[in-house]
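J.: structure for the following, please:
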Amino acid sequence: MARISNYTRDTTVSSSDKLLGSNSSGTTANFQVSDITKFLRDTNAAGVSGQLIYQFNEVETKPGGFVGAFSSGFTFANLTSIKVHKIPNGSTTTVVEYLQSLVESDIILGDVENINNFGIYTVKSVTQDSNATDYYDIALTAKSNNGTIVDEQFYSIILYAGLSGDKTFSHTQNASSSSWTINHNLGKKPSVTITTLATGAQVIGEVTYTNDNTLVVSFAAAVSGIAHLN
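T.: Predicted coordinates:
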């Protein structure tokens, strides 16, 4: 075999190009660039921070996988929960603390090979499975989605901050009332601006924060309008 330095340098890399190397058993083999790319994508071996990779398994739960009460072909639009292993695919590190930090945050669950197959969800809860303690049930509320889930395909879970980097919410109160209860699920105590439905004029109400996801706006008289939260 000639020295590597004697071979012509190819500066145009394509997915069908091959690299020479050794597999785990020490046998010399060639590796196609597209296969290396797939490995990096399916395992997050490139180390993208905050990205979790799981393989959907229709029949069984296994390390690095996720399942649900649905089968291949199920739409992202109807997805309400998934069960994931505490260790993502291709990793040796548990991500329980990170999973639990996602509660009340928005995530993207997306096909790593087809960006058009995805769902954007708000994580409502992360609960350890009492029967299989290596697994965690993630309850989801759908926000935006397209496509279906495919058996044995790999999917990434990524924190979604939206286009603005902050979360907002609008509440429309059609029936006039002197007290509006607003369940916004923003995970914070947002600022509140009230405008009337009739003219769009701003009105003042007293805001009481029940918790980081619910608030009550009280008025001196019954009013209908829109509450803008940010």
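J.: the lowest-mean-pLDDT helix or strand in the chain: what's the following helix or strand?
T.: Lowest on mean pLDDT, DSSP states H and E among the helices and strands of the chain sits helix 33-43, with a mean of 74. Downstream of helix 33-43, the next assigned helix or strand under DSSP states H and E is strand 52-56.
J.: between the least confident helix or strand of the chain and strand 52-56, how many degrees?
T.: Interaxial angle of helix 33-43 relative to strand 52-56 (axes from the mean of the first three to the mean of the last three C-alpha atoms, to 10 degrees): 100 degrees.
J.: export only the CA atoms of helix 33-43, formatted as CSV.
T.: Provided in CSV are the C-alpha atoms of helix 33-43 (Å, rounded to 0.1, in the frame of the first residue of the first chain):
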residue,chain,number,x,y,z
VAL,A,33,-19.2,9.2,4.7
SER,A,34,-23.0,8.9,4.7
ASP,A,35,-22.9,6.0,7.3
ILE,A,36,-20.6,8.1,9.5
THR,A,37,-23.0,11.0,9.2
LYS,A,38,-25.9,8.7,10.2
PHE,A,39,-24.0,7.4,13.2
LEU,A,40,-23.3,11.0,14.4
ARG,A,41,-26.9,12.0,13.9
ASP,A,42,-28.5,9.0,15.6
THR,A,43,-26.3,9.1,18.7
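J.: so which bits of that helix are buried?
T.: Judged by neighbour count using 16 or more other C-beta atoms under 10 Å, the buried positions of helix 33-43 are 36, 41-43. C-beta coordinates here come from the backbone N, C-alpha and C atoms, glycine included.
J.: and for it, what's in contact with it?
T.: Contact with helix 33-43 is made by 13-19, 45-46, 53, 55, 89-91, 112-113, 154, as judged by C-beta atoms under 8 Å, 6 or more residues apart in numbering.
J.: try 10 Å this time
T.: For helix 33-43, the external contacting residues (C-beta atoms under 10 Å, 6 or more residues apart in numbering) are 13-19, 21, 31-32, 45-48, 53-55, 64, 88-91, 112-113, 153-156.
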